[in-house]
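1. Sequence and predicted structure below; questions after.
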Amino acid sequence: MRSRCVSRLLAISVGLPAQHLIDGRLVTTGVFKRPATGPVHVGRLGAAGDGQATQPNHGGPDQALSAYSTVHYRFWAERFGRNDFSPGIFGENLTTEAMAEDEVYIGDIISIGTAVLQVTHPRIPCFRLSHRLGLPLFHDEQLQSGRVGYLLRVLEEGELEGGAPIILVERDRDPVSAAQCIVATLLGQELPDVLHRLSELPHLSPKWRKLVSSRPEACGAPANA
């Protein structure tokens, strides 16, 4: 396929783990992220100045960066009647102009600045984000809505900066969107064809491959076989 611009990076946000009082107990979390000023180096394990507290649930090469679309910013702002949602507030590293889950496919290779990234799997909502937003059950509602964002690995290290175009470099021939992946795995709908295609994607992360294989539908033949 020919490379093409699919979106724009509005901001890259970072934040190191720190302790916060949640429901009467101290919890260490890296969900409090703020937009960086100037270029940020991204390596195999994430962005400079960023970190995750609860590994291996967060972080690692297959979860080096997280992304979230401003399409969802507008949705949640209207849903909760708020105007204080700014880049990084949903705990993401990359705030994108477009590229919601129905426009992004597992295994997509994208370039931003001098870095090359690959989409690995959806992000699983966490109660720490609910605390960050001051919305106690937000992570449950976010999951049911499918507006969860997604994670990426770093194929080539480089520098990212807000305002850079996002270039789609490569896409699988029989792609599975992040939205389809969410519905078939996190939301548990019976989509054996999607699960079968996911199980055959070489770039699906081991963590998500284990989740897919735990679904009995993944063991059968695809629906159109």
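-> Structure received.
2. Is the residue nearest to the spatial centre of the chain bridged to anything, and to what?
-> Geometric centre of the chain, nearest residue: Tyr150, 1.8 Å, by Cα atoms, centre = their mean. When bridges are called by DSSP bridges, Tyr150 pairs up with Ala67, Pro122.
3. That one contacts Gln63, doesn't it?
-> No: between Tyr150 and Gln63 there is no contact, the gap being 10.0 Å when judged by Cβ atoms under 8 Å. Backbone N, C-alpha and C define where each C-beta goes, glycine included.
4. Now do the worst-scoring helix or strand of the chain on mean pLDDT: which elements does it pack against?
-> Comparing every helix and strand of the chain by mean pLDDT, DSSP states H and E singles out strand 18-22 as the least confident one, with a mean of 82. The elements that strand 18-22 packs onto, with contact taken as 3 or more Cβ pairs under 8 Å, 6 or more residues apart in numbering; DSSP states H and E, are strand 25-29, helix 127-133.
5. right, so the ones you listed: which one is the most enclosed?
-> Ranked by mean neighbour count, these are led by helix 127-133 with a mean of 20 (mean count of other Cβ atoms under 10 Å).
6. how far does the next helix or strand after that helix sit from the chain's center?
-> Along the chain past helix 127-133, the next helix or strand (assigned with DSSP states H and E) turns out to be helix 138-145. Between the centre of helix 138-145 and the centre of its chain there are 14 Å (Cα atoms, centre = their mean, to the nearest Å).
7. Extract the CA atoms of helix 138-145 and return them as CSV.
-> What follows is helix 138-145, C-alpha atoms only, in CSV (Å, rounded to 0.1, in the frame of the first residue of the first chain):
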residue,chain,number,x,y,z
PHE,A,138,-16.0,6.0,34.3
HIS,A,139,-13.9,2.9,33.5
ASP,A,140,-17.0,0.7,33.4
GLU,A,141,-18.8,3.1,31.1
GLN,A,142,-15.7,3.6,28.9
LEU,A,143,-15.4,-0.1,28.4
GLN,A,144,-19.1,-0.6,27.5
SER,A,145,-18.8,2.3,25.0
